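Engineer: give the three-dimensional model of this entry:
(4 chains)
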Amino acid sequence: MSATDRILNRAAQEVVAGSIVNLGIGLPTQVIHFLPDDFDVQIHSENGILGAWKQAQPEAMDPFLIDSAGAYVTTRPGSSFFDSAVSFAMIRRARLDLTMIGAFEVDASGNLANWKIPGKFSPGIGGAMELAQKTRRIVVLTTHTDKKGRSKILETCRLPLTAKRCVNRIISDLAVMDVTPDGLVVREILTDISDAELQELTEAKLTFTGAEAANDGQ
Amino acid sequence: MSATDRILNRAAQEVVAGSIVNLGIGLPTQVIHFLPDDFDVQIHSENGILGAWKQAQPEAMDPFLIDSAGAYVTTRPGSSFFDSAVSFAMIRRARLDLTMIGAFEVDASGNLANWKIPGKFSPGIGGAMELAQKTRRIVVLTTHTDKKGRSKILETCRLPLTAKRCVNRIISDLAVMDVTPDGLVVREILTDISDAELQELTEAKLTFTGAEAANDGQ
Amino acid sequence: MKKNRSIEDAIAAIPSGATVMIGGFGNPGTPFSLINELVRQGQTDLTLIKNDANEPGHGISRLIENGQVKKLITTHIGLNKKVIEIMNAGDLIVEFHPQGILAEKIRTAGAGSFGFLSDIALDSEITRPEDLLDWQGRTYKVEMALNAQFALVHAARADTMGNLAYRSAAINFNPLMAMAADCVIAEAIDVGDPGCIPPEHVHTQSAFVSLLVALPSLTSDYGVMAHHVRH
Amino acid sequence: MKKNRSIEDAIAAIPSGATVMIGGFGNPGTPFSLINELVRQGQTDLTLIKNDANEPGHGISRLIENGQVKKLITTHIGLNKKVIEIMNAGDLIVEFHPQGILAEKIRTAGAGSFGFLSDIALDSEITRPEDLLDWQGRTYKVEMALNAQFALVHAARADTMGNLAYRSAAINFNPLMAMAADCVIAEAIDVGDPGCIPPEHVHTQSAFVSLLVALPSLTSDYGVMAHHVRH
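Structural biologist: Below you'll find the predicted structure:
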């Protein structure tokens, strides 16, 4: 199983039956493919869909039906379409149970940075700030380190924040970590790696109480 | 023609083709019966109707279709139903061309009092304040005097105001008067009465420049 | 997730002392069945938010006449002499707002905001000096959001997931209240499988609805009121 | 009152220097035909308000690439490298807002209000100290209403009176902008007689629509974009 699939496979287990879930651009949108076809979940897309589902087959694509990432998607029975004010009313009034979201950086206090790299990347804000601040539960999906091998899981974020103290859980290709009042607690290790090796790859201090090594699953 | 019919008949002439009009509770709601069946107007009702029309025949009444006065009404092709926030968005964003409204008192500055008589009558505000303040043109329909013969057209309102300086025109059973920077100007006299007699029945000072006696129309 | 409940279970979720928004403008859109069950169960000290007070013997007037209501936040109760009497006797606190301001205060809560800046009735007796804000060179009235623990709404059609569609003049305050309240209890004349309402025609999305009650039939409350038929 | 106009006449109502809201989130709901006519007519110094910048060579990106746009008020332009380059070169002022805040600022204008109190991004770098308000013991960010002289919207269906219905993910900002702008120009794929849209299914009421353009056909702009098809 690839590092990406390891994240996605584990992330799919975060989705509680009967819940309403937003899947951010990037890795999170792929989680849907790791859910059973009949799984009882409603996917919210910021552009005005509740009940979005997997991508459409090329011959069945509707040019007027994309998700917020621009992919041509399908919908399930019981879906609804609505305007952007209603879409964000749902978000700000905390009707979403879970948002899975990507990160440039995430830290031990649950701070999230994923919208701007000053001087390098600032395409705008999109729905990220409202989702991060207002969803009941935020799970960050991220590679544990960046392309240069540097930890993305920090003691304190350095980039401009998307929202403060918003993250509940981090799922990386290496581990599942919860943000707690005592900092990051490792709940599962997702690959063949020791506690010490995981800490070595992580800037933030990790606590291993309650962590159990889990198999890859393959 | 009765005093009431004289008001309503004249009021119907205020309705411009192609316009959007709200008709307040009381006399104004009756104006609709003085309009030709195919007249090009959209009647707005605060409870969420654009395109309301005359009252329904008893056998065709729909219990879910009333106007804001509680009457079972019909609708015309091209009507729409919407929620109360949208209904008042139309009002506050000044999409209504004309509101005809009743009055306890109206004065020479265009102030309107029609919502409260302290100690006697205070059933609430309803849509009156927003309609009076935000409709582009306000025409007051009122008997010239109250049941005790006292002028309802005052130099300055004494009752709590619905809205300040909102009235453009007053149509009473006796005359059509415009609110101008110079006070009330009589535009038409609707019955067999002299200028002096009209002034005698009116607390506010009237200007007769431009006024022409009109026949009853019957 | 199916949200269907019995009417008894749904209304039992409301404790005494709760703040309850109730849809409807006059009869249309008033959830008479849910209200009648609330009368039967007898919760007290309620704060109600509704456009009007219905008419004597009907709808929320029953709750008020029955002494279950402490306070009513509304716009106009002119059609209900009984409630006016109860108010004048000091047995009911009544707070009046302009109708569209009430609607917008409710929607503001539903949008997860906290208030809005208005120019309606700025210099009226309904505006207190402490409601006024000078901001960027202009004076506004700050209208705060109106939240509630519960909303009772009436829909023409629903699906089992809780999507709602209203009919005709029965839309009014219902979708706004469904956005605003923590727990939204909907009654519907017709409840179908998911997909029975085309996705563009859903007025209240399932995300806003907590519990759904399918009405077995419409009582006379919902019918044409003879005394409103003009000849 | 019939609102049908030729596309030339409708767009000619927009002067250079105007502020124009433009519906759409990505492709769906973008009024490509109205935009293309605005490119053809060449009005300049425009301030545009749109969720995104479309993609290079399409929609409002054409207006920006063509030098007709002074300022863009938006939420995210990540799918348009060309517009990012123009922004970075200093040839376009770009003002970013959180997406739902942009939507709500527009709706606030449409509701005839002047601003709203929010807690979104209170302590973020996008919030200036002068945006903060201490009110009744709590700190809010004041988000002011966003008005415009014009809105260009895309509807699936219209009637000749100007009632509009949108389809699928093409609703997005369109009904909000239709409420907010002084003059609303709608394009529609299908224009029928009054009554062709059931009254409960009207998304934008005729009161909000000024001019209506019936599209003879949909250009390729409206189709599936091959580079977004993932395999």
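Engineer: helices or strands up against the longest helix anywhere in chain C?
Structural biologist: Across chain C, the longest stretch assigned as helix under DSSP state H is helix C:99-110. On a contact count with 3 or more Cβ pairs under 8 Å, 6 or more residues apart in numbering or on different chains; DSSP states H and E, helix C:99-110 meets helix B:84-92, helix B:128-134, strand C:115-118, strand C:138-144, helix C:174-180. C-beta: built from backbone N, CA, C; applies to glycine.
Engineer: so for chain D, which of those sits nearest?
Structural biologist: Of all the helices and strands packed on helix C:99-110, helix B:84-92 sits nearest to chain D, with 2.6 Å by Cβ to the nearest Cβ.
Engineer: now that closest one: mean pLDDT?
Structural biologist: Averaging pLDDT along helix B:84-92 yields 98.
Engineer: ok so, going back, out of the helices and strands packed on helix C:99-110, deepest packed?
Structural biologist: Most buried of the helices and strands packed on helix C:99-110 by mean neighbour count (mean count of other Cβ atoms under 10 Å in any protein chain shown) is helix C:174-180; its value is a mean of 30.
Engineer: what about it and chain D, touching?
Structural biologist: No. Figure legend: helix C:174-180 not in contact with chain D (Cβ under 8 Å from any Cβ of the partner chain); closest approach 11.4 Å.
Engineer: other residues contacting that helix?
Structural biologist: The contact list for helix C:174-180 (Cβ atoms under 8 Å, 6 or more residues apart in numbering or on different chains) reads A:86, A:89, A:93, B:83-85, C:21-24, C:29, C:49, C:103, C:106-107, C:109-111, C:145-148, C:151, C:153-155, C:164, C:166, C:184, C:186, C:203-204, C:208-209.
Engineer: partner strands of the helix or strand just after that helix and their direction?
Structural biologist: Where DSSP states H and E defines the elements, the next helix or strand beyond helix C:174-180 is strand C:181-192. Strand C:181-192 pairs in its sheet with strand C:148-159 (parallel), strand C:211-214 (parallel), by DSSP bridges.
Engineer: the ones you listed: which one's closest to B:Gln57?
Structural biologist: Counting by Cβ to Cβ, B:Gln57 lies closest to strand C:148-159 out of the strands paired with strand C:181-192; the figure is 22.7 Å.
Engineer: what does the helix or strand following the closest one rub up against?
Structural biologist: Using DSSP H and E, the helix or strand that follows strand C:148-159 in sequence is strand C:164-165. Under the criterion Cβ under 8 Å, 6+ apart, residues C:153, C:155-158, C:174-175, C:178, C:186, C:188, C:197, C:201-204, C:209, D:200 lie in contact with strand C:164-165.
Engineer: okay, which residue is most central for chain C?
Structural biologist: C:Ile22 (2.2 Å; Cα atoms, centre = their mean).
Engineer: span of stretch A:57-70 from start to end?
Structural biologist: 15 Å (Cα to Cα, to the nearest Å).
Engineer: and it, what's its mean pLDDT?
Structural biologist: In the prediction, stretch A:57-70 has an average pLDDT of 95.
Engineer: check stretch C:49-63 too.
Structural biologist: Averaging pLDDT along stretch C:49-63 yields 98.
Engineer: list the buried residues in it.
Structural biologist: For stretch C:49-63, the neighbour count (16 or more other Cβ atoms under 10 Å in any protein chain shown) marks C:49-56, C:58-63 as buried.
Engineer: which ones among the residues you listed lie within strands?
Structural biologist: In strands, defined here by DSSP state E, the members of those are C:Ile49.
Engineer: quick check: the farthest pair among the buried residues of stretch C:49-63?
Structural biologist: Within the buried residues of stretch C:49-63, C:Ile49 and C:Pro56 form the most distant pair, 20.0 Å apart (Cβ to Cβ).
Engineer: roughly how far apart are the residue nearest to the centre of chain C and chain D?
Structural biologist: Distance from C:Ile22 to chain D, counting by Cβ to the nearest Cβ, to the nearest Å: 21 Å.
Engineer: so who does that residue touch?
Structural biologist: Contact analysis of C:Ile22 by Cβ under 8 Å, 6+ apart lists C:Thr30, C:Pro31, C:Ile35, C:Leu48, C:Ile49, C:Lys50, C:Gly59, C:Ile60, C:Ala151, C:Leu152, C:Met177.
Engineer: distance of it relative to A:Asp195?
Structural biologist: According to Cβ to Cβ, to the nearest Å, C:Ile22 stands 57 Å off from A:Asp195.
Engineer: close to chain D: what parts of chain C are there?
Structural biologist: C:104, C:108, C:111, C:113-119, C:133, C:135-136, C:138, C:140, C:142, C:144, C:165-168, C:171, C:199-201, C:203.
Engineer: now do the helices in chain A.
Structural biologist: Assigned by DSSP H, chain A shows helices spanning A:3-12, A:84-92, A:128-134, A:195-200.
Engineer: the last one: how far from the chain's middle?
Structural biologist: When you say that, I think you mean helix A:195-200. Helix A:195-200 sits 23 Å away from the centroid of its parent chain (Cα atoms, centre = their mean, to the nearest Å).
Engineer: in that helix, which residues are buried?
Structural biologist: The neighbour-count check on helix A:195-200 (16+ other Cβ under 10 Å) flags A:Leu198 as buried.
Engineer: what bridges to C:Val191?
Structural biologist: Beta-bridge pairing for C:Val191 (DSSP bridges): C:Ala158.
Engineer: my read: it touches C:Leu212, true?
Structural biologist: Yes. Look at C:Val191 against C:Leu212 with Cβ atoms under 8 Å: they come within range, at 6.7 Å.
Engineer: what sits in contact with each of these two?
Structural biologist: Joint contacts of C:Val191 and C:Leu212 (Cβ under 8 Å, 6+ apart) are C:Asn4, C:Ala158, C:Thr160.
Engineer: below-threshold pLDDT in the chain: ranges please.
Structural biologist: I'll assume chain A. A:210-218 (pLDDT under 70).
Engineer: wrong one, I was asking about chain C
Structural biologist: Scanning chain C for pLDDT under 70 picks out the ranges C:230-231.
Engineer: flag every residue of chain A that's near chain C.
Structural biologist: Residues of chain A lying close to chain C by Cβ under 8 Å from any Cβ are A:17-18, A:20, A:40, A:42, A:44, A:50-51, A:75-82, A:85-86, A:88-96, A:134.
Engineer: in chain C, which residue sits nearest chain B?
Structural biologist: Residue of chain C nearest chain B, by Cβ to the nearest Cβ: C:Gly100 (2.4 Å).
Engineer: okay, which residue of chain A is out on the far edge from center?
Structural biologist: Distance to the chain centre peaks in chain A at A:Glu59, reaching 29.6 Å (criterion: Cα atoms, centre = their mean).
Engineer: OK, contacts around it?
Structural biologist: Not one residue lies near A:Glu59 by Cβ under 8 Å, 6+ apart.
Engineer: chain B versus that one, what's the distance?
Structural biologist: Remark: distance between A:Glu59 and chain B (Cβ to the nearest Cβ) = 36 Å.
Engineer: starting at the chain centroid, how far to stretch C:88-105?
Structural biologist: The chain centre lies 12 Å from the centre of stretch C:88-105; the measure is Cα atoms, centre = their mean.
Engineer: go through that stretch and flag the buried ones.
Structural biologist: C:Leu92, C:Val94, C:Phe96, C:His97, C:Pro98, C:Gln99, C:Gly100, C:Ile101, C:Leu102, C:Ala103, C:Glu104, C:Lys105.
Engineer: between these, which is nearest B:Ile66?
Structural biologist: Among these, C:Gln99 lies closest to B:Ile66 (Cβ to Cβ), at 14.9 Å.
Engineer: and stretch C:141-161, C-alpha only, in PDB?
Structural biologist: Only the C-alpha atoms of stretch C:141-161 are listed here, as PDB (Å, rounded to 0.1, in the frame of the first residue of the first chain):
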ATOM      1  CA  LYS C 141     -29.100  49.800  14.500                       C
ATOM      2  CA  VAL C 142     -27.500  46.500  15.600                       C
ATOM      3  CA  GLU C 143     -30.000  43.700  15.300                       C
ATOM      4  CA  MET C 144     -28.700  40.700  17.200                       C
ATOM      5  CA  ALA C 145     -29.200  37.200  16.000                       C
ATOM      6  CA  LEU C 146     -32.100  35.200  17.500                       C
ATOM      7  CA  ASN C 147     -31.200  31.700  18.400                       C
ATOM      8  CA  ALA C 148     -33.400  28.900  19.800                       C
ATOM      9  CA  GLN C 149     -33.000  25.500  21.200                       C
ATOM     10  CA  PHE C 150     -35.900  24.100  19.100                       C
ATOM     11  CA  ALA C 151     -37.800  24.800  16.000                       C
ATOM     12  CA  LEU C 152     -41.100  23.300  15.000                       C
ATOM     13  CA  VAL C 153     -41.700  23.500  11.300                       C
ATOM     14  CA  HIS C 154     -44.400  22.300   8.900                       C
ATOM     15  CA  ALA C 155     -43.600  20.900   5.400                       C
ATOM     16  CA  ALA C 156     -45.700  19.700   2.600                       C
ATOM     17  CA  ARG C 157     -43.200  17.000   1.600                       C
ATOM     18  CA  ALA C 158     -40.200  15.400   3.200                       C
ATOM     19  CA  ASP C 159     -37.900  12.500   2.600                       C
ATOM     20  CA  THR C 160     -36.800  10.200   5.400                       C
ATOM     21  CA  MET C 161     -33.400  11.900   5.500                       C
END
